[in-house]
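**Student:** Kindly return the folded structure for what I paste below:
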Amino acid sequence: MKKTISFALCALILLSLPALPGFGQTAQDALAKMIQAMGGKKALGAIKDTTISGSVELAQFGLTASITMYQKEPDKLRIDMGLLDMVIAMGYDGRKGWFTDPQSGTTQEMPEFQSRDFSRQALGNAALLDPQKLGITFALKPKEKIEGKEYIVLEQVLADGHSIAFFLDPVTYLPFKAKTRAMGQSGAEIEAETYFSDYRKVENTMVAHSIRTLQDGVEAQKVAIVKVVYNSNLDDSLFRMR
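**Tutor:** Residues are numbered from 1 along each chain as shown. You can find the predicted model right below:
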């Protein structure tokens, strides 16, 4: 009789507990569901490079530019912006970052803090599919509400200790928002929030075609994606400083 009472009491206590972050779900469960929502391991693992083209509104300057982004697994990135009569390029070759100086037109190495931030942006699907190899870990955080809707929060911690919080839609498990700390143009730390919307199917993957970025709560830029192309056999030289 005592055992029956104890079991019933434990069940009652468990039922009365408030919902806890990750209760019944681990960080690995949430990560696996996010990967599946984005296309699955097979589809994402087959991507060796990605070329994205579209336009970007630079709210801080009141300008709109064409933009082409190149990413090559696991850690190379280049962004070309067509602004007025010039193309401003920024890149990371897996070791260092560089940029085109719009005043002189010359190519220069990025300051260390900018190169470090750019290297994080350069991480591709390998950061999700094989995080241990890159020293990346994931943790489930308490759920958070945005405009009345509760989102699953999955924190990614990079090898250097830098963290990025992904806010996952509780139904689709696609990322709705990413939040992190970054360095602004002046070198001062800012809070950067990126919102993803207008997901569309590209081959066997789901890609957000509208990306909006806020810095310390103020809109900094909005990217509208027009075209996404996978596996163009991008050469490493595209990502090097010239």
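
**Student:** Can you name the element that comes right after the helix or strand of the chain with the lowest mean pLDDT?
**Tutor:** Least confident helix or strand of the chain, by mean pLDDT, DSSP states H and E, is helix 2-16 with a mean of 35. Next along the chain after helix 2-16, taking DSSP states H and E as the criterion, comes helix 27-38.

**Student:** how far away is residue 73 from residue 151?
**Tutor:** Distance, residue 73 to residue 151, by CB to CB, to the nearest Å: 28 Å. Just so you know, the C-beta spots here come from the backbone N, C-alpha and C atoms, and that holds for glycine as well.

**Student:** need the contact list for the residue lying closest to residue 51 once chain neighbours are set aside.
**Tutor:** With sequence-adjacent residues excluded and distances taken as CB to CB, 6 or more residues apart in numbering, residue 51 is closest to residue 229, at 4.6 Å. Going by CB atoms under 8 Å, 6 or more residues apart in numbering, residue 229 touches 50-52.

**Student:** Ok, residue 176 next?
**Tutor:** Residue 176 is in contact with 146, 151, 167-169, 195-197, counting by CB under 8 Å, 6+ apart.

**Student:** From those, pick the one nearest residue 135.
**Tutor:** residue 168 (22.5 Å; CB to CB).

**Student:** how near is the closest one to residue 93?
**Tutor:** Distance of residue 168 to residue 93, computed by CB to CB: 31 Å.

**Student:** again, but for residue 74
**Tutor:** Taken as CB to CB, the span from residue 74 to residue 93 is 13 Å.

**Student:** Between these two, which is the more surrounded one?
**Tutor:** residue 93 (20 against 17; other CB atoms under 10 Å).

**Student:** so how far is residue 78 from the more buried one?
**Tutor:** Distance from residue 93 to residue 78, by CB to CB: 9 Å.
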